[in-house]
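K.L.:
One predicted model, sequence on top.
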Amino acid sequence: MVTIKSKREIELMREACKVVAIMYDELEKKIKPGMSTWDVDILAERIIRREGAIPAEKGFTEVKGVPPYPASICISINDEVIHGVPSKHKIIREGDIVSIDTVALKNGFNGDAARTFMIGNVSKDAKRLVEVTKQAFFEGIKFAKKGNRIGDVSHAIGEYVRSQGYSVVREFQGHGIGRQMHEDPGIPNYGKAGRGIRLEPGMTLAIEPMVIQGKPNILELDDGWTIITEDGSLAAHYENTILITEKEPEILTILK
């Protein structure tokens, strides 16, 4: 069931989302070659807790048989699409693209966002992939307005990515968010315009293009979490939590 947030609940959502925005602002200044993904995880958790929130992904489990997630952030490098598990042995190197996805829980509400960081001098191809992935989000939210349908957002994302010569991940999608990390509705990054539920003011949605440089096929590693591209091509991820309003959508996970 899709939840419509009250004014008070929206204010609480803003607080949780601000924590995530602050975390990314600080990580962007500190992430560098030579750090392990575990180092980044420790730094991210420290920021989240300093801001009065808790890392909602830590200990998270949603699928029977899959072990609880062991860290505060998902951190995925190059051909890792999403859900990469931090490790002391995984070192960030010059030229990598590093996708980080995290959720902060504060006062009973969740804020969710993802970013792909370019480490040092990345290739032109990698830079273009990251830029297109980010723009795909903004192409999608042009349609995240009262009276439109979920399919309008999904279609806009998918068509933009396709027009740039890339593929979207079809097995994973965006979602509603609030008291729960994952709420209705699901928001694919492809689809037909005019389909799905109508958008209403008070809905809070996590919209997250996951884009692959090559073919859309993916594989899951033995850790039960990490998703990689089947053909070894690069992948990028960009996500924000947004609020549907009477007019334009409000992005909650970007610092004003």
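P.N.:
Right, received. Where do you want to start? Since the structure is predicted, the reported quantities are computational estimates derived from the model, not experimental observations.

K.L.:
Okay, now the unreliable bits of the stretch 1-150 of the chain?
P.N.:
When the per-residue scores of the stretch 1-150 of the chain are filtered using pLDDT under 70, the ranges that remain are 64.

K.L.:
Show me what the host helix or strand of Lys18 is packed up against.
P.N.:
Lys18 is located in helix 7-30, with elements delineated by DSSP states H and E. Packing contacts for helix 7-30, counted by 3 or more Cβ pairs under 8 Å, 6 or more residues apart in numbering; DSSP states H and E, involve helix 37-50, strand 97-106, strand 109-118, strand 240-243. Where you see a C-beta, it was placed from the backbone N, CA and C, and this is true even at glycine.

K.L.:
Run the angle between it and helix 37-50 for me.
P.N.:
Angle of helix 7-30 versus helix 37-50, following axes from the mean of the first three to the mean of the last three Cα atoms, to 10 degrees, is 140 degrees.

K.L.:
So what touches helix 7-30?
P.N.:
Contacts with helix 7-30, where a contact means Cβ atoms under 8 Å, 6 or more residues apart in numbering, come from 5, 40, 43-44, 47-48, 51-53, 100, 102-113, 115, 117, 178, 202, 204, 241, 243, 252-255.

K.L.:
Mind giving me the ChimeraX select for those, buried ones only?
P.N.:
Selection command for ChimeraX covering only the buried members of those, criterion 16 or more other Cβ atoms under 10 Å:
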select :5,40,43,44,47,48,51,53,100,102,103,104,105,106,109,110,111,112,113,115,117,178,202,204,241,243,252,253,254
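
K.L.:
if we can go back for a sec, mind giving me a markdown table with the helices and strands packed on helix 7-30 and columns for distance to Arg14?
P.N.:
Putting those into a markdown table (distance: least, Cβ to Cβ, whole Å) gives the following:
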| stretch | distance to Arg14 |
| --- | --- |
| helix 37-50 | 16 |
| strand 97-106 | 10 |
| strand 109-118 | 8 |
| strand 240-243 | 8 |
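
K.L.:
So which of the ones you listed is nearest Val153?
P.N.:
Put simply, out of the helices and strands packed on helix 7-30 the one that sits nearest Val153 is strand 240-243, at 9.7 Å, with distance taken as Cβ to Cβ.
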